[in-house]
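Engineer: take this sequence and fold it.
(chains A and B)
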Amino acid sequence: MVGTKLSQQATRLLFAATLLLAGPSVVAAQEPTTLQVSISNHRFQPAEIVAPANTAIRLRIKNLDATPAEFESVSLRVEKIIAAKSEGVVNLRPLQPGRYKFFDDFHRDTAQGTLVVQ
Amino acid sequence: MLAALIIVFREIFEAGLIIGIVLAVTRTIAHRGWWVAGGVAGGTLGACVVAVFAGALSAAFDGVGQELFYAAILGVAVVMLTWHIVWMARHGRELAAQMRAVGEAVVAGSKSLVGLSVVVGVAVLREGVEVVLFLYGVAASGAGSNVELLAGGFAGLLLGGLVCALTYVGLLNIPSRYLFGVTNVMIALLAAGMAAQATAFLERANVVTILGSIVWDTSWMLTEKSLVGRALHTLIGYTDQPTAMELLVYLATLGAIFGLMKLVTSIGGAARQARPVY
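Structural biologist: Take a look at the predicted model:
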């Protein structure tokens, strides 16, 4: 009997923990905000993009150059190859307000940008 | 040139570690060189093919084809690593007995080599795509410093080879009676790390959306992008901001591997008791 009670409690605890952990991602299931940025001559255009806080973001990155790029951001935890003359999509979870830097890892000296979340 | 060296080395680094481990794990198996070389060759070829179709892959599945593809090949690698460990748990003792009998001469373990060969291929493919694309970009841009950049890339490749050699030599310095246990744990952690990485790709593709909250943030202490961070990322699956789901998958993979190991050794152990002990 004690065992049943314990397991019931454990189940309840697990359920609560799941809810707690799943909570923020339920919010993420809302319609994401789509943003666009392009790369030309190994520079981001625009170099600064603004996004709302606490909303999922769908970032479309268009590479207009004839060479591949790698969209990367340490703070956003993103690494994505974007082939020459093509487009890639990066999905971002709801973010806290702040400035998130990103760059093209293949052309780090010129291609630098910032995502401003507010 | 230095930039090219760093980019190529960084990508090759992870593959170098994995190949070094695989070489150490398979040290007593005949013809393992061919299997590992086959994995490297297959991975390189695969990387070139993926690089050529990078645009199409990226555009597939509503822009997240790349993430899904990486998740899939990492999943294959996890299965192969698990299979290897379980296979070794089952046959390891027999192999060890044979080894004692014939010195460390020849052990026919080519079955489990297929799996490890695939793992090597996956590691090379995943890291190689970026190297191929980067070098292609360098070559295609037609800048005057091409030769220098390519030299830098080549130097990065050599350094990656050095990492592989150092990993191998380092592991071989472990006394052989411990080596089997050590490499088993390493492979289990490698598999768990890859499973978590695959999960991260699925999360980025918005396929997995539950349990998405960040459990901890140790980026202030050790970022995943630093050399030590990268090494730990490969070896034990270190992530500076893991989500609950990634953590769960990591632990579940470890649990599954050790559970399966226990299961097959206990079944094998029962069968073995009937045999005479020398």
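Engineer: quick check: mean pLDDT of the helix or strand where residue B:19 lies?
Structural biologist: Taking DSSP states H and E as the definition, residue B:19 sits inside helix B:2-25. The pLDDT scores in helix B:2-25 average 89.
Engineer: list the buried residues in the helix or strand just after it.
Structural biologist: Remark: after helix B:2-25, the chain's next helix or strand is helix B:32-52, criterion DSSP H and E. Buried residues in helix B:32-52, defined by neighbour count with 16 or more other Cβ atoms under 10 Å in any protein chain shown: B:32, B:35-36, B:38-40, B:42-44, B:46-48, B:50-51. Where C-beta positions appear, they are placed from N, C-alpha and C, glycine not excepted.
Engineer: residues in contact with helix B:32-52?
Structural biologist: A:68, B:15, B:19, B:22-23, B:26, B:57, B:69, B:110, B:113-114, B:116-125, B:127-129, B:131-133, B:136 (Cβ atoms under 8 Å, 6 or more residues apart in numbering or on different chains).
Engineer: run the angle between that helix and helix B:2-25 for me.
Structural biologist: For helix B:32-52 against helix B:2-25, the angle by axes from the mean of the first three to the mean of the last three Cα atoms, to 10 degrees is 140 degrees.
Engineer: state the next helix or strand along the chain beyond helix B:32-52.
Structural biologist: Remark: after helix B:32-52, the chain's next helix or strand is helix B:54-63, criterion DSSP H and E.
Engineer: list the helices and strands the helix or strand following that next one packs on?
Structural biologist: From helix B:54-63 onward toward the C-terminus, using DSSP H and E, the following helix or strand is helix B:65-101. Applying 3 or more Cβ pairs under 8 Å, 6 or more residues apart in numbering or on different chains; DSSP states H and E, we find helix B:65-101 packed against strand A:78-82, helix B:54-63, helix B:110-141, helix B:176-204, helix B:244-272.
Engineer: tell me the average confidence for helix B:65-101?
Structural biologist: 82.
Engineer: got the buried residues for that helix?
Structural biologist: Those would be B:65-71, B:73-86, B:88-92, B:95, B:98, for helix B:65-101 by 16+ other Cβ under 10 Å.
Engineer: with chain A as the reference, measure out to residue B:169.
Structural biologist: Residue B:169 sits 30 Å away from chain A, going by Cβ to the nearest Cβ, to the nearest Å.
Engineer: repeat for residue B:34
Structural biologist: 31 Å.
Engineer: pLDDT score for residue 30?
Structural biologist: No chain in the question, so chain A it is. 62.
Engineer: I was after chain B.
Structural biologist: So, for residue B:30, pLDDT stands at 76.
Engineer: the strand or helix carrying residue A:37 - which strands sit beside it in the sheet, and in what orientation?
Structural biologist: Residue A:37 belongs to strand A:33-40 when assigned by DSSP H and E. Taking DSSP bridges as the criterion, strand A:33-40 forms sheet pairs with strand A:43-45 (antiparallel), strand A:57-63 (parallel).
Engineer: residue B:191: which of the buried residues of helix B:32-52 is nearest?
Structural biologist: Residue B:191 lies nearest to residue B:39 out of these, by Cβ to Cβ, at 16.1 Å.
Engineer: the closest residue to the closest one other than its chain neighbours: neighbour count?
Structural biologist: Of all residues not flanking residue B:39 in the chain, residue B:120 sits nearest, at 3.0 Å (Cβ to Cβ, 6 or more residues apart in numbering or on different chains). Other residues within reach of residue B:120, judged by other Cβ atoms under 10 Å in any protein chain shown, total 27.
Engineer: residues in contact with residue B:120?
Structural biologist: B:15, B:18-19, B:22, B:36, B:39-40, B:43.
Engineer: ok, residue A:97 next?
Structural biologist: A:53, A:117-118.
Engineer: mind checking which of the residues you listed land in helices?
Structural biologist: In helices, judged by DSSP state H, none of the contacts of residue A:97 are found.
Engineer: so is stretch A:66-76 next to chain B?
Structural biologist: Yes. In terms of Cβ under 8 Å from any Cβ of the partner chain, part of stretch A:66-76 sits within range of chain B, namely A:66-70, A:74.
Engineer: which of these has the largest number of neighbours?
Structural biologist: residue A:69 leads the residues of stretch A:66-76 next to chain B on contacts (other Cβ under 10 Å) with 28 neighbours.
Engineer: got phi/psi on the spatially most central residue of chain A?
Structural biologist: Nearest to the geometric centre of chain A sits residue A:92, at 2.0 Å (Cα atoms, centre = their mean). Here is the backbone geometry of residue A:92 (degrees, to the nearest 10): phi -120, psi 140.
Engineer: mind listing what it touches?
Structural biologist: A:56-59, A:76, A:78.
Engineer: re the thing from before, from the buried residues of helix B:32-52, which has minimum pLDDT?
Structural biologist: Looking at the buried residues of helix B:32-52 by pLDDT, the weakest one is residue B:32, with 86.
Engineer: ok, that one to residue A:45 distance?
Structural biologist: 51 Å (Cβ to Cβ, to the nearest Å).
Engineer: which ones are touching whatever residue of chain B ends up closest to chain A?
Structural biologist: In chain B, the residue that lies nearest chain A is residue B:63 (2.9 Å; Cβ to the nearest Cβ). The neighbours of residue B:63, taking Cβ under 8 Å, 6+ apart as the test, are A:60, A:87-89.
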